[in-house]
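1. Based on what follows, work out the 3D shape:
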Amino acid sequence: MALGLAALLDDIAALAKAAAASVDDIAAGAAKASTKTLGVIVDDAAVTPQYVSGISPKRELPIIKKIAVGSLRNKIVFILPGALILSAFLPQVLPILLIVGGSYLAFEGAEKIIEYFAGHHETSPAFNKGADAEAQIVSNAVRTDFILSAEIMVIALAEVTEEPVWMRAITLTFVALLITALVYGVVALIVKADDVGLALSARSSAPAKRTGRLILTAMPKVMTFLTVVGTIAMLWVGGHLIVQELAHLGFSWPADVVHSASDVAHSVAFVAWLIDTALSAVAGFVVGSLITGVVALVHRFAGSGKNTSPHTLEH
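-> Model (predicted):
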């Protein structure tokens, strides 16, 4: 009896250790996969606040909550099952999808840079001001989010393709929850920062006034910083995806060039990473610029003359 109980306790301890190891693996996989989606995350956080520009402050957070729920629905209900089916039955398509996703990121990043230096800047989205304005805002934002969420989930999937299906499903669910909470939590903070600044600047306390004015002065700079970081991250992640996935398809010379350059500083890990990142960003900018040029030519011949960035289309 005692021996049986001891054996049972040993089995329970072994199961607990296995469960803990699985949780650690899932957390590590989710963290690694989430890092790879940095460019999309920062860009999403920089773009989404535009949707509530000009909206009553009382409705800002409810609208952001609705967009966040729609974003989570995109990831969990639609994209996650499709990604799992794809990885199970057509894994050979994944590198192509990643190249397409990387090319989209590169296009978005290069387009922003080209438009900036050409003097064309995106404007805030304009919506109707009628009774259906809020529904229109949420609908447009969730539609745009679908594109970004699809990229996030496919990029994250590439980091866990060697894991069992159940591990992929749990890890991608973690990624979906983590990134949605992160992006829309940051968006809520950004959107309400001006209100906090105004409230503090209206107080009688001198320190509160200074803090409020500091927040109001800093927020435009914060948004500019987010946009710049998001653009660089899109070029870096997009270029890295293109280079690495081309190597998986047999076109290894771009990856060989990047690796050879970073190997020069192999003794200093940060410098090697910096070189790899810079060259990936350059590759992303080259590919993105080519796509931007092709899109501009197609529009010229089609006579549309409209910006095809998915963000601006939905805005």
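2. Where does residue 204 sit: helix, strand or coil?
-> Look at residue 204: counting by DSSP: H, G, I helix; E, B strand; the rest coil, its state is coil.
3. where's residue 94 relative to residue 155, distance?
-> 10 Å (Cβ to Cβ, to the nearest Å). C-beta coordinates here come from the backbone N, C-alpha and C atoms, glycine included.
4. Settle it for me: which of those two has more neighbours?
-> Higher neighbour count among residue 94 and residue 155: residue 155, with 25 against 18, using other Cβ atoms under 10 Å.
5. The more buried one touches residue 237, doesn't it?
-> Yes: counting by Cβ atoms under 8 Å, residue 237 is a contact partner of residue 155 at 7.5 Å.
6. show me where the stretch 101-250 of the chain has strands.
-> Remark: strands of the stretch 101-250 of the chain are absent; assignment by DSSP state E, counting those that start in this stretch.
7. low-scoring pLDDT stretches of it, where are they?
-> 120-131 (pLDDT under 70).
8. let's go with 50 and repeat that
-> Along the stretch 101-250 of the chain, the parts satisfying pLDDT under 50 run over 127, 130-131.
9. Please enumerate the helices of it.
-> For the stretch 101-250 of the chain, helices defined by DSSP state H, counting those that start in this stretch occupy the ranges 133-158, 165-201, 206-248.
10. What is the second one packed up against?
-> What that stands for is helix 165-201. In terms of contacts (3 or more Cβ pairs under 8 Å, 6 or more residues apart in numbering; DSSP states H and E), helix 165-201 is packed against helix 2-36, helix 38-47, helix 57-73, helix 80-89, helix 133-158, helix 206-248.
11. Figure out how far the last one is from the centre of its chain.
-> This means helix 206-248. 12 Å (Cα atoms, centre = their mean, to the nearest Å).
12. Just want the angle from the helix or strand just after it to helix 206-248.
-> Moving toward the C-terminus from helix 206-248, the next helix or strand (DSSP states H and E) is helix 253-263. Counting by axes from the mean of the first three to the mean of the last three Cα atoms, to 10 degrees, helix 253-263 lies at 120 degrees to helix 206-248.
13. Alpha carbons only: can I get helix 253-263 in PDB?
-> Output in PDB follows, covering the C-alpha atoms of helix 253-263 (Å, rounded to 0.1, in the frame of the first residue of the first chain):
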ATOM      1  CA  TRP A 253      22.900  33.900 -51.800                       C
ATOM      2  CA  PRO A 254      21.100  36.900 -50.000                       C
ATOM      3  CA  ALA A 255      21.200  35.000 -46.700                       C
ATOM      4  CA  ASP A 256      24.900  34.100 -47.400                       C
ATOM      5  CA  VAL A 257      25.700  37.700 -47.900                       C
ATOM      6  CA  VAL A 258      24.000  38.800 -44.700                       C
ATOM      7  CA  HIS A 259      25.600  36.000 -42.700                       C
ATOM      8  CA  SER A 260      29.100  36.600 -44.100                       C
ATOM      9  CA  ALA A 261      28.900  40.300 -43.200                       C
ATOM     10  CA  SER A 262      27.600  39.600 -39.700                       C
ATOM     11  CA  ASP A 263      30.300  36.900 -39.200                       C
END
